[in-house]
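**Student:** Next input, structure requested:
(one chain, ligands or ions: 1)
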Amino acid sequence: MTDYKQMYQAKLTSADELAARVESGWLIGMDAGAAQTPEIMSAVAKRAYADEIKDVKVQTLLDVYPLEFYADQNLKGKITGCSWFSSGGARKAINGGWADFIPAYYRDIPKYVRSLYDYDVFCVSVSPMDKHGYFSLGTTSSYSQAMLEKSKRIFLEVNENQPRAVNGLQIHISQVDGLVEANYKLPVLPPTVIDDVSQTIGNLIAERIPDGACIQLGIGAVPDATGMALKNKHDLGIHTEMFTDSMVELIECGAVNNSKKQIHRGISVTTFAYGSQRIYDFIDDNPGIAFMPVDYVNDPDVICRNDNVISINAALEVDLWGQVCSESIGTKHMSGSGGQIDYVRGACQSKGGKSFIAFPSTAKGGEISKIKSTLTTGAVCTTSKNDVDYIVTEYGVAQLRGRSLSDRAKQLIAIAHPNFRDELSFEAKKRGILI
Ligand code: COA
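**Tutor:** So this is what the prediction gives:
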(Lines give C-alpha, C1' and ligand atoms only; values in the text may rest on other atoms or scores of the structure.)
Protein backbone atom coordinates (compact mmCIF):
# COMPACT_ATOMS: atom_id res chain seq x y z
CA MET A 1 0.00 0.00 0.00
CA THR A 2 1.26 3.48 -0.88
CA ASP A 3 2.61 5.41 2.05
CA TYR A 4 0.72 8.71 1.73
CA LYS A 5 2.50 10.22 4.71
CA GLN A 6 5.80 9.70 2.94
CA MET A 7 4.45 11.34 -0.23
CA TYR A 8 3.24 14.22 1.93
CA GLN A 9 6.67 14.68 3.53
CA ALA A 10 8.35 14.60 0.12
CA LYS A 11 6.11 17.43 -1.12
CA LEU A 12 6.19 19.50 2.07
CA THR A 13 8.25 22.67 1.66
CA SER A 14 8.18 26.41 2.44
CA ALA A 15 6.16 29.21 0.82
CA ASP A 16 9.44 30.80 -0.32
CA GLU A 17 10.49 27.60 -2.07
CA LEU A 18 7.13 27.30 -3.87
CA ALA A 19 7.35 30.97 -4.87
CA ALA A 20 10.84 30.31 -6.24
CA ARG A 21 9.26 27.92 -8.77
CA VAL A 22 7.00 30.69 -10.16
CA GLU A 23 8.24 32.17 -13.46
CA SER A 24 7.61 35.45 -15.25
CA GLY A 25 4.49 35.35 -17.41
CA TRP A 26 2.71 32.67 -15.34
CA LEU A 27 -1.05 32.62 -14.87
CA ILE A 28 -1.96 31.63 -11.30
CA GLY A 29 -5.50 30.53 -10.41
CA MET A 30 -7.17 30.84 -7.02
CA ASP A 31 -10.79 30.32 -5.96
CA ALA A 32 -13.13 32.20 -3.60
CA GLY A 33 -12.43 33.79 -0.22
CA ALA A 34 -11.08 31.35 2.35
CA ALA A 35 -9.87 28.99 -0.43
CA GLN A 36 -7.09 31.47 -1.27
CA THR A 37 -3.45 31.05 -0.23
CA PRO A 38 -2.15 34.30 1.30
CA GLU A 39 1.19 32.86 2.50
CA ILE A 40 2.20 31.54 -0.91
CA MET A 41 1.03 34.78 -2.55
CA SER A 42 3.06 36.90 -0.08
CA ALA A 43 6.14 34.87 -0.98
CA VAL A 44 5.41 35.40 -4.70
CA ALA A 45 5.00 39.14 -4.02
CA LYS A 46 8.42 39.21 -2.30
CA ARG A 47 9.99 37.90 -5.49
CA ALA A 48 8.18 40.53 -7.53
CA TYR A 49 9.39 43.30 -5.18
CA ALA A 50 12.92 41.96 -5.69
CA ASP A 51 12.39 42.20 -9.50
CA GLU A 52 12.92 38.46 -9.89
CA ILE A 53 9.61 37.95 -11.74
CA LYS A 54 7.22 40.07 -13.84
CA ASP A 55 4.04 39.77 -15.93
CA VAL A 56 2.51 37.28 -13.48
CA LYS A 57 -1.31 37.27 -13.58
CA VAL A 58 -3.52 35.98 -10.74
CA GLN A 59 -7.24 35.22 -11.05
CA THR A 60 -9.31 35.46 -7.86
CA LEU A 61 -12.90 35.73 -6.61
CA LEU A 62 -14.29 37.33 -3.43
CA ASP A 63 -11.02 38.69 -2.09
CA VAL A 64 -11.01 38.63 1.67
CA TYR A 65 -7.25 38.52 2.39
CA PRO A 66 -5.04 41.62 2.07
CA LEU A 67 -3.27 40.28 -1.04
CA GLU A 68 -0.25 42.43 -1.94
CA PHE A 69 -0.98 42.71 -5.67
CA TYR A 70 -4.35 44.31 -4.88
CA ALA A 71 -3.11 46.40 -1.94
CA ASP A 72 -0.02 47.88 -3.64
CA GLN A 73 -0.17 49.53 -7.04
CA ASN A 74 3.63 49.37 -7.27
CA LEU A 75 3.22 45.70 -8.18
CA LYS A 76 1.38 46.61 -11.42
CA GLY A 77 3.16 44.93 -14.32
CA LYS A 78 4.88 42.53 -11.97
CA ILE A 79 1.82 40.77 -10.53
CA THR A 80 -1.61 41.80 -11.80
CA GLY A 81 -4.76 40.61 -10.10
CA CYS A 82 -7.91 39.91 -12.06
CA SER A 83 -11.12 39.21 -10.15
CA TRP A 84 -14.25 37.34 -11.21
CA PHE A 85 -16.14 39.01 -8.31
CA SER A 86 -14.38 41.71 -6.38
CA SER A 87 -14.57 42.84 -2.80
CA GLY A 88 -12.12 44.34 -0.32
CA GLY A 89 -8.74 45.19 -1.82
CA ALA A 90 -9.65 44.06 -5.31
CA ARG A 91 -12.45 46.63 -5.50
CA LYS A 92 -9.98 49.45 -4.71
CA ALA A 93 -7.38 48.11 -7.16
CA ILE A 94 -9.88 47.77 -10.03
CA ASN A 95 -11.13 51.32 -9.50
CA GLY A 96 -7.52 52.51 -9.20
CA GLY A 97 -6.56 50.97 -12.53
CA TRP A 98 -3.96 48.44 -11.33
CA ALA A 99 -6.17 45.34 -11.37
CA ASP A 100 -8.68 43.91 -13.81
CA PHE A 101 -12.14 42.36 -13.65
CA ILE A 102 -13.89 39.66 -15.70
CA PRO A 103 -17.68 40.16 -16.02
CA ALA A 104 -19.50 36.83 -15.83
CA TYR A 105 -22.45 34.98 -14.44
CA TYR A 106 -20.91 32.95 -11.61
CA ARG A 107 -22.34 29.70 -13.03
CA ASP A 108 -20.40 30.26 -16.28
CA ILE A 109 -16.94 30.68 -14.71
CA PRO A 110 -16.04 26.93 -14.84
CA LYS A 111 -16.88 26.98 -18.57
CA TYR A 112 -14.54 29.94 -19.17
CA VAL A 113 -11.82 28.38 -16.99
CA ARG A 114 -12.00 25.22 -19.10
CA SER A 115 -12.28 26.89 -22.52
CA LEU A 116 -10.26 30.13 -22.33
CA TYR A 117 -7.41 29.80 -19.84
CA ASP A 118 -4.39 27.61 -19.11
CA TYR A 119 -3.09 27.96 -15.58
CA ASP A 120 0.54 27.38 -14.66
CA VAL A 121 -0.50 26.70 -11.10
CA PHE A 122 -3.68 26.45 -9.01
CA CYS A 123 -3.08 27.53 -5.41
CA VAL A 124 -5.64 26.44 -2.85
CA SER A 125 -6.10 26.16 0.92
CA VAL A 126 -7.12 22.73 2.20
CA SER A 127 -7.72 20.88 5.46
CA PRO A 128 -5.14 18.33 6.72
CA MET A 129 -4.74 15.11 4.74
CA ASP A 130 -6.90 12.12 5.75
CA LYS A 131 -5.64 8.54 6.02
CA HIS A 132 -6.53 7.88 2.37
CA GLY A 133 -4.34 10.75 1.14
CA TYR A 134 -7.17 13.23 0.48
CA PHE A 135 -7.37 16.93 1.37
CA SER A 136 -10.77 18.62 1.60
CA LEU A 137 -11.23 22.03 -0.04
CA GLY A 138 -13.36 22.88 2.99
CA THR A 139 -15.34 26.05 2.44
CA THR A 140 -15.24 26.08 -1.34
CA SER A 141 -16.26 24.09 -4.40
CA SER A 142 -17.07 26.94 -6.81
CA TYR A 143 -14.86 26.58 -9.94
CA SER A 144 -12.02 24.64 -8.24
CA GLN A 145 -12.72 21.42 -10.14
CA ALA A 146 -12.31 23.28 -13.44
CA MET A 147 -9.04 24.86 -12.24
CA LEU A 148 -7.72 21.47 -11.10
CA GLU A 149 -8.36 20.17 -14.62
CA LYS A 150 -6.76 23.18 -16.35
CA SER A 151 -3.64 23.73 -14.19
CA LYS A 152 -0.18 22.36 -14.89
CA ARG A 153 0.64 22.31 -11.17
CA ILE A 154 -1.15 22.32 -7.80
CA PHE A 155 0.25 24.10 -4.74
CA LEU A 156 -1.51 23.67 -1.38
CA GLU A 157 -1.62 25.57 1.88
CA VAL A 158 -2.57 22.87 4.38
CA ASN A 159 -4.36 24.62 7.23
CA GLU A 160 -5.69 22.83 10.31
CA ASN A 161 -8.30 25.61 10.63
CA GLN A 162 -9.75 24.78 7.21
CA PRO A 163 -12.83 22.61 7.94
CA ARG A 164 -13.13 19.17 6.37
CA ALA A 165 -16.20 19.13 4.15
CA VAL A 166 -17.06 15.47 3.80
CA ASN A 167 -19.57 16.24 1.03
CA GLY A 168 -17.23 18.44 -0.95
CA LEU A 169 -14.34 18.54 -3.39
CA GLN A 170 -11.20 16.58 -2.44
CA ILE A 171 -7.66 16.65 -3.82
CA HIS A 172 -5.43 13.60 -3.57
CA ILE A 173 -1.77 13.90 -2.51
CA SER A 174 -0.74 12.24 -5.78
CA GLN A 175 -2.15 15.26 -7.71
CA VAL A 176 -0.14 17.78 -5.69
CA ASP A 177 3.18 19.36 -6.77
CA GLY A 178 4.07 21.14 -3.54
CA LEU A 179 2.54 22.03 -0.21
CA VAL A 180 3.16 24.19 2.83
CA GLU A 181 1.64 24.02 6.28
CA ALA A 182 0.02 27.34 7.23
CA ASN A 183 -2.18 27.31 10.31
CA TYR A 184 -3.49 30.88 10.39
CA LYS A 185 -7.15 31.51 11.33
CA LEU A 186 -9.52 31.69 8.37
CA PRO A 187 -10.91 35.15 7.56
CA VAL A 188 -14.24 36.01 9.18
CA LEU A 189 -16.90 38.51 8.16
CA PRO A 190 -17.52 41.20 10.76
CA PRO A 191 -20.92 40.46 12.39
CA THR A 192 -23.73 42.11 10.43
CA VAL A 193 -25.51 44.94 12.21
CA ILE A 194 -29.22 44.31 11.69
CA ASP A 195 -30.79 47.74 12.16
CA ASP A 196 -34.54 48.54 12.32
CA VAL A 197 -34.76 49.16 8.57
CA SER A 198 -33.16 45.81 7.65
CA GLN A 199 -35.36 44.09 10.23
CA THR A 200 -38.53 45.65 8.78
CA ILE A 201 -37.50 44.55 5.28
CA GLY A 202 -36.65 41.07 6.55
CA ASN A 203 -40.07 40.78 8.19
CA LEU A 204 -41.87 41.92 5.01
CA ILE A 205 -40.13 39.18 3.04
CA ALA A 206 -40.56 36.52 5.73
CA GLU A 207 -44.36 37.08 5.63
CA ARG A 208 -44.25 35.97 1.98
CA ILE A 209 -42.20 32.81 2.53
CA PRO A 210 -44.26 29.65 3.13
CA ASP A 211 -43.24 26.74 5.35
CA GLY A 212 -41.38 24.19 3.22
CA ALA A 213 -39.75 26.83 0.98
CA CYS A 214 -36.21 26.37 -0.34
CA ILE A 215 -34.13 29.48 0.28
CA GLN A 216 -31.15 31.32 -1.18
CA LEU A 217 -29.77 34.32 0.69
CA GLY A 218 -27.28 36.73 -0.90
CA ILE A 219 -24.64 39.02 0.56
CA GLY A 220 -25.45 41.89 2.96
CA ALA A 221 -27.46 43.03 5.98
CA VAL A 222 -30.89 42.63 4.37
CA PRO A 223 -30.48 38.96 3.34
CA ASP A 224 -29.06 38.33 6.83
CA ALA A 225 -32.02 40.05 8.51
CA THR A 226 -34.42 38.00 6.38
CA GLY A 227 -32.66 34.82 7.43
CA MET A 228 -33.07 35.73 11.09
CA ALA A 229 -36.77 36.53 10.49
CA LEU A 230 -37.37 32.94 9.31
CA LYS A 231 -36.67 31.27 12.65
CA ASN A 232 -40.36 30.50 13.26
CA LYS A 233 -40.83 28.74 9.90
CA HIS A 234 -40.93 24.97 9.44
CA ASP A 235 -39.39 22.46 7.03
CA LEU A 236 -37.32 25.03 5.10
CA GLY A 237 -34.63 23.87 2.69
CA ILE A 238 -31.34 25.45 1.55
CA HIS A 239 -30.02 25.55 -2.01
CA THR A 240 -27.75 28.58 -2.20
CA GLU A 241 -24.61 30.04 -3.71
CA MET A 242 -23.14 31.29 -0.44
CA PHE A 243 -23.67 29.51 2.88
CA THR A 244 -24.11 32.12 5.62
CA ASP A 245 -24.28 32.50 9.39
CA SER A 246 -28.04 32.96 9.37
CA MET A 247 -28.34 29.56 7.65
CA VAL A 248 -26.43 27.87 10.48
CA GLU A 249 -28.85 29.58 12.88
CA LEU A 250 -31.87 28.34 10.89
CA ILE A 251 -30.54 24.76 10.82
CA GLU A 252 -29.65 24.74 14.51
CA CYS A 253 -33.03 26.16 15.60
CA GLY A 254 -34.87 23.53 13.53
CA ALA A 255 -36.47 25.86 10.95
CA VAL A 256 -34.40 24.21 8.19
CA ASN A 257 -34.47 20.44 7.83
CA ASN A 258 -34.46 20.16 4.01
CA SER A 259 -37.30 17.64 4.26
CA LYS A 260 -39.46 19.14 1.49
CA LYS A 261 -36.80 19.53 -1.20
CA GLN A 262 -37.29 17.75 -4.51
CA ILE A 263 -33.52 17.39 -5.09
CA HIS A 264 -30.85 16.75 -2.44
CA ARG A 265 -33.53 16.07 0.18
CA GLY A 266 -32.15 16.20 3.71
CA ILE A 267 -29.02 18.12 2.71
CA SER A 268 -28.17 21.84 2.45
CA VAL A 269 -26.51 22.59 -0.89
CA THR A 270 -24.07 25.42 -1.53
CA THR A 271 -20.97 26.30 -3.56
CA PHE A 272 -18.96 28.23 -0.94
CA ALA A 273 -19.24 29.44 2.65
CA TYR A 274 -18.14 32.66 4.24
CA GLY A 275 -19.01 34.21 7.58
CA SER A 276 -17.97 33.68 11.18
CA GLN A 277 -15.97 30.92 12.88
CA ARG A 278 -19.36 29.36 13.69
CA ILE A 279 -19.77 28.48 10.00
CA TYR A 280 -16.36 26.82 9.78
CA ASP A 281 -17.12 24.78 12.93
CA PHE A 282 -20.49 23.79 11.48
CA ILE A 283 -19.01 22.58 8.18
CA ASP A 284 -16.30 20.43 9.77
CA ASP A 285 -17.09 16.71 9.24
CA ASN A 286 -20.78 17.56 8.65
CA PRO A 287 -22.51 15.27 6.11
CA GLY A 288 -25.60 17.54 6.19
CA ILE A 289 -24.01 20.16 3.92
CA ALA A 290 -22.83 19.56 0.35
CA PHE A 291 -20.37 21.82 -1.49
CA MET A 292 -20.99 21.40 -5.22
CA PRO A 293 -19.54 23.09 -8.32
CA VAL A 294 -21.09 26.45 -9.16
CA ASP A 295 -21.99 25.42 -12.73
CA TYR A 296 -24.38 22.95 -11.08
CA VAL A 297 -25.50 24.80 -7.94
CA ASN A 298 -26.22 28.11 -9.75
CA ASP A 299 -27.76 26.65 -12.89
CA PRO A 300 -31.34 28.04 -13.05
CA ASP A 301 -32.47 24.70 -14.52
CA VAL A 302 -31.15 22.97 -11.38
CA ILE A 303 -32.36 25.66 -8.94
CA CYS A 304 -35.93 25.39 -10.21
CA ARG A 305 -36.10 21.63 -9.66
CA ASN A 306 -36.97 22.43 -6.05
CA ASP A 307 -40.47 23.85 -5.49
CA ASN A 308 -41.10 27.16 -3.70
CA VAL A 309 -37.57 28.49 -4.23
CA ILE A 310 -37.22 31.90 -2.62
CA SER A 311 -34.17 34.00 -3.52
CA ILE A 312 -33.27 37.13 -1.55
CA ASN A 313 -30.57 39.48 -2.81
CA ALA A 314 -29.48 43.07 -2.32
CA ALA A 315 -29.03 45.98 -4.75
CA LEU A 316 -27.44 49.41 -4.95
CA GLU A 317 -30.17 51.09 -7.02
CA VAL A 318 -33.27 50.33 -9.11
CA ASP A 319 -34.85 52.49 -11.80
CA LEU A 320 -38.56 53.00 -12.46
CA TRP A 321 -38.56 50.30 -15.17
CA GLY A 322 -37.30 47.83 -12.56
CA GLN A 323 -33.72 47.57 -13.84
CA VAL A 324 -31.53 46.52 -10.91
CA CYS A 325 -27.94 47.67 -10.40
CA SER A 326 -26.06 45.63 -7.79
CA GLU A 327 -22.45 46.00 -8.85
CA SER A 328 -21.50 49.63 -9.45
CA ILE A 329 -22.20 53.14 -8.24
CA GLY A 330 -22.33 54.91 -11.58
CA THR A 331 -19.03 53.92 -13.19
CA LYS A 332 -17.43 53.06 -9.83
CA HIS A 333 -16.93 49.31 -9.71
CA MET A 334 -18.31 47.64 -6.55
CA SER A 335 -18.59 43.86 -7.03
CA GLY A 336 -19.95 41.60 -9.77
CA SER A 337 -23.12 39.89 -10.88
CA GLY A 338 -22.26 36.81 -8.83
CA GLY A 339 -25.25 34.51 -8.79
CA GLN A 340 -27.94 37.17 -8.54
CA ILE A 341 -29.45 36.59 -11.99
CA ASP A 342 -29.02 32.81 -11.72
CA TYR A 343 -31.19 32.81 -8.59
CA VAL A 344 -33.69 35.40 -9.85
CA ARG A 345 -34.28 33.16 -12.87
CA GLY A 346 -34.12 29.85 -11.00
CA ALA A 347 -36.57 31.05 -8.34
CA CYS A 348 -39.01 32.42 -10.90
CA GLN A 349 -38.90 29.14 -12.87
CA SER A 350 -39.58 27.12 -9.71
CA LYS A 351 -43.17 26.03 -8.96
CA GLY A 352 -44.37 28.53 -6.33
CA GLY A 353 -40.99 30.35 -6.42
CA LYS A 354 -40.35 34.06 -5.89
CA SER A 355 -37.31 36.31 -6.16
CA PHE A 356 -36.87 39.31 -3.86
CA ILE A 357 -34.40 42.14 -4.44
CA ALA A 358 -34.39 44.10 -1.19
CA PHE A 359 -32.62 47.18 0.15
CA PRO A 360 -33.17 50.22 2.40
CA SER A 361 -34.97 53.01 0.51
CA THR A 362 -32.04 55.43 0.93
CA ALA A 363 -28.23 55.46 1.10
CA LYS A 364 -25.72 57.87 2.62
CA GLY A 365 -27.79 58.76 5.69
CA GLY A 366 -30.97 59.43 3.73
CA GLU A 367 -29.35 61.77 1.16
CA ILE A 368 -29.77 59.43 -1.82
CA SER A 369 -32.85 57.52 -2.96
CA LYS A 370 -31.97 54.00 -4.08
CA ILE A 371 -35.09 54.02 -6.25
CA LYS A 372 -34.23 56.33 -9.14
CA SER A 373 -36.02 57.60 -12.21
CA THR A 374 -33.15 56.25 -14.34
CA LEU A 375 -30.04 54.32 -13.33
CA THR A 376 -27.07 56.59 -12.61
CA THR A 377 -24.97 57.21 -15.74
CA GLY A 378 -22.51 54.36 -16.12
CA ALA A 379 -24.34 52.03 -13.70
CA VAL A 380 -24.32 48.33 -14.55
CA CYS A 381 -27.72 46.72 -15.05
CA THR A 382 -27.34 43.45 -13.12
CA THR A 383 -30.89 42.09 -13.21
CA SER A 384 -32.92 43.17 -16.23
CA LYS A 385 -36.45 44.57 -16.26
CA ASN A 386 -37.61 41.30 -17.84
CA ASP A 387 -36.19 39.15 -15.04
CA VAL A 388 -36.94 41.29 -11.97
CA ASP A 389 -39.71 39.97 -9.70
CA TYR A 390 -40.28 41.53 -6.23
CA ILE A 391 -38.57 44.71 -4.99
CA VAL A 392 -38.71 45.42 -1.25
CA THR A 393 -37.83 48.43 0.90
CA GLU A 394 -38.85 49.27 4.47
CA TYR A 395 -41.94 50.96 2.94
CA GLY A 396 -43.35 47.85 1.32
CA VAL A 397 -43.23 45.33 -1.49
CA ALA A 398 -43.55 45.92 -5.27
CA GLN A 399 -44.30 43.01 -7.59
CA LEU A 400 -42.95 43.93 -11.02
CA ARG A 401 -42.62 40.77 -13.14
CA GLY A 402 -45.24 40.78 -15.89
CA ARG A 403 -46.42 44.29 -14.96
CA SER A 404 -46.52 47.36 -17.25
CA LEU A 405 -44.05 50.24 -17.01
CA SER A 406 -46.74 52.47 -15.56
CA ASP A 407 -47.74 49.91 -12.95
CA ARG A 408 -44.07 49.37 -12.04
CA ALA A 409 -43.42 53.10 -11.67
CA LYS A 410 -46.47 53.53 -9.40
CA GLN A 411 -45.50 50.56 -7.21
CA LEU A 412 -41.86 51.63 -6.96
CA ILE A 413 -42.72 55.25 -6.11
CA ALA A 414 -45.02 53.94 -3.35
CA ILE A 415 -42.12 52.09 -1.67
CA ALA A 416 -39.53 54.87 -2.18
CA HIS A 417 -38.66 57.04 0.82
CA PRO A 418 -41.44 59.69 1.28
CA ASN A 419 -38.89 62.51 0.78
CA PHE A 420 -38.28 61.39 -2.81
CA ARG A 421 -41.76 60.34 -3.96
CA ASP A 422 -42.81 63.75 -5.42
CA GLU A 423 -39.59 64.07 -7.38
CA LEU A 424 -39.90 60.50 -8.71
CA SER A 425 -43.55 61.09 -9.72
CA PHE A 426 -42.55 64.32 -11.49
CA GLU A 427 -39.78 62.51 -13.41
CA ALA A 428 -42.05 59.58 -14.27
CA LYS A 429 -44.74 61.91 -15.64
CA LYS A 430 -42.13 63.84 -17.63
CA ARG A 431 -40.98 60.55 -19.17
CA GLY A 432 -44.57 59.58 -19.97
CA ILE A 433 -44.53 56.38 -17.94
CA LEU A 434 -47.26 57.29 -15.45
CA ILE A 435 -50.49 56.69 -17.35
N1 COA B 1 -25.64 55.37 -4.23
C2 COA B 1 -24.49 55.65 -3.60
N3 COA B 1 -23.94 54.86 -2.65
C4 COA B 1 -24.61 53.74 -2.32
C5 COA B 1 -25.83 53.39 -2.91
C6 COA B 1 -26.35 54.27 -3.91
N7 COA B 1 -27.49 54.00 -4.54
N8 COA B 1 -26.26 52.22 -2.37
C9 COA B 1 -25.35 51.85 -1.47
N10 COA B 1 -24.34 52.77 -1.44
C11 COA B 1 -23.14 52.71 -0.62
C12 COA B 1 -23.45 52.41 0.83
O13 COA B 1 -23.71 53.60 1.55
C14 COA B 1 -22.18 51.73 1.27
O15 COA B 1 -21.18 52.73 1.46
P16 COA B 1 -20.09 52.59 2.63
O17 COA B 1 -19.28 51.37 2.23
O18 COA B 1 -19.34 53.86 2.51
O19 COA B 1 -20.88 52.41 3.89
C20 COA B 1 -21.76 50.92 0.04
O21 COA B 1 -22.38 51.58 -1.07
C22 COA B 1 -22.22 49.47 0.07
O23 COA B 1 -23.62 49.43 0.21
P24 COA B 1 -24.37 48.36 1.11
O25 COA B 1 -25.83 48.56 0.90
O26 COA B 1 -23.88 48.39 2.51
O27 COA B 1 -23.87 47.02 0.45
P28 COA B 1 -24.00 45.52 0.93
O29 COA B 1 -22.79 45.11 1.67
O30 COA B 1 -25.33 45.26 1.54
O31 COA B 1 -23.92 44.78 -0.51
C32 COA B 1 -24.34 44.66 -2.86
C33 COA B 1 -24.85 45.11 -1.49
C34 COA B 1 -25.45 44.93 -3.85
C35 COA B 1 -23.09 45.44 -3.26
C36 COA B 1 -24.00 43.12 -2.77
O37 COA B 1 -25.15 42.43 -2.38
C38 COA B 1 -23.54 42.58 -4.12
O39 COA B 1 -22.38 42.66 -4.44
N40 COA B 1 -24.47 42.00 -4.90
C41 COA B 1 -24.18 41.46 -6.24
C42 COA B 1 -24.05 39.97 -6.27
C43 COA B 1 -25.22 39.22 -5.71
O44 COA B 1 -26.29 39.72 -5.48
N45 COA B 1 -25.00 37.94 -5.50
C46 COA B 1 -26.05 37.09 -4.97
C47 COA B 1 -25.65 35.73 -4.67
S48 COA B 1 -24.56 35.61 -3.23
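**Student:** dump the residue contacts of the nearest residue to P418 once chain neighbours are set aside.
**Tutor:** Setting aside the residues directly before and after it, P418 is nearest to Y395 in space (CB to CB, 6 or more residues apart in numbering), at 7.8 Å. Just so you know, the C-beta spots here come from the backbone N, C-alpha and C atoms, and that holds for glycine as well. For Y395, the residues meeting the contact criterion (CB atoms under 8 Å, 6 or more residues apart in numbering) are 361, 414-418.
**Student:** cool, and Y117?
**Tutor:** Listed by CB under 8 Å, 6+ apart, the contact partners of Y117 are 27, 29, 59, 150.
**Student:** Most neighbours out of these, which is it?
**Tutor:** By neighbour count, taken as other CB atoms under 10 Å, the most surrounded of the contacts of Y117 turns out to be G29 (25 neighbours).
**Student:** Tell me the helices and strands packed up against the host helix or strand of it.
**Tutor:** Taking DSSP states H and E as the definition, G29 sits inside strand 27-32. Under the contact criterion of 3 or more CB pairs under 8 Å, 6 or more residues apart in numbering; DSSP states H and E, strand 27-32 touches strand 56-61, strand 121-126, helix 144-150.
**Student:** Could you spell out the sheet neighbours of it, each with its direction?
**Tutor:** Taking DSSP bridges as the criterion, strand 27-32 sits next to strand 56-61 (parallel), strand 121-126 (parallel) in its sheet.
**Student:** Could you pick out the residues of the stretch 201-350 of the chain near the ligand for me?
**Tutor:** Taking CB under 6 Å from any ligand atom as the test, the list of the stretch 201-350 of the chain residues beside the ligand reads 218-221, 241-242, 313-317, 326-327, 329, 334-335, 338-340.
**Student:** run the last query once more with 8 Å
**Tutor:** 216-223, 240-242, 313-317, 325-327, 329, 334-340, 342-343 (CB under 8 Å from any ligand atom).
**Student:** Return the distance of the lowest-mean-pLDDT helix or strand in the chain from the chain's centre.
**Tutor:** The element with the least model confidence among the helices and strands of the chain, by mean pLDDT, DSSP states H and E, is helix 221-228, at a mean of 91. Here the centre of mass of C-alpha atoms in helix 221-228, compared against the chain's by CA atoms, centre = their mean, to the nearest Å, lies 15 Å away.
**Student:** What's the first helix or strand after it?
**Tutor:** Past helix 221-228, the next helix or strand by DSSP H and E is strand 237-238.
**Student:** Give the pairing partners of that next one; include direction for each.
**Tutor:** Partner strands and pairing direction for strand 237-238 (DSSP bridges) are strand 214-217 (parallel).
**Student:** average pLDDT for the strand it pairs with?
**Tutor:** For strand 214-217, mean pLDDT is 97.
**Student:** List the contacts of it.
**Tutor:** Looking at strand 214-217 with CB under 8 Å, 6+ apart, the contacting residues turn out to be 209, 223-224, 226-227, 230, 236-242, 244, 246-247, 256, 260-261, 303, 306-313, 339, 343, 347, 350.
**Student:** Now find how far off-centre the strand holding G29 is within its chain.
**Tutor:** On CA atoms, centre = their mean, the centre of strand 27-32 falls 15 Å from the chain's centre.
**Student:** got the residue ranges for the helices in the stretch 201-350 of the chain?
**Tutor:** For the stretch 201-350 of the chain, applying DSSP state H, counting those that start in this stretch gives helices covering 221-228, 245-252, 277-283, 294-297, 300-303, 340-349.
**Student:** Tell me how many other residues surround the closest residue to the ligand within the stretch 151-300 of the chain.
**Tutor:** With CB to the nearest ligand atom, the shortest gap between the stretch 151-300 of the chain and the ligand falls at G220, namely 2.7 Å. The criterion is other CB under 10 Å. On that basis, G220 has 17 neighbouring residues.
**Student:** Export the helices of the stretch 201-350 of the chain as CSV, with columns for mean neighbour count.
**Tutor:** Output for the helices of the stretch 201-350 of the chain, formatted as CSV (neighbours: other CB atoms under 10 Å):
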stretch, mean neighbour count
helix 221-228, 25
helix 245-252, 21
helix 277-283, 18
helix 294-297, 24
helix 300-303, 20
helix 340-349, 25
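**Student:** you'd agree H417 is up against E367?
**Tutor:** No. Applying CB atoms under 8 Å as the test, H417 and E367 come out as separate, 10.4 Å apart.
**Student:** circling back: E39: which of the helices of the stretch 201-350 of the chain is closest?
**Tutor:** helix 277-283 (18.1 Å; CB to CB).
**Student:** quick one: the closest one to chain centroid distance?
**Tutor:** 17 Å.
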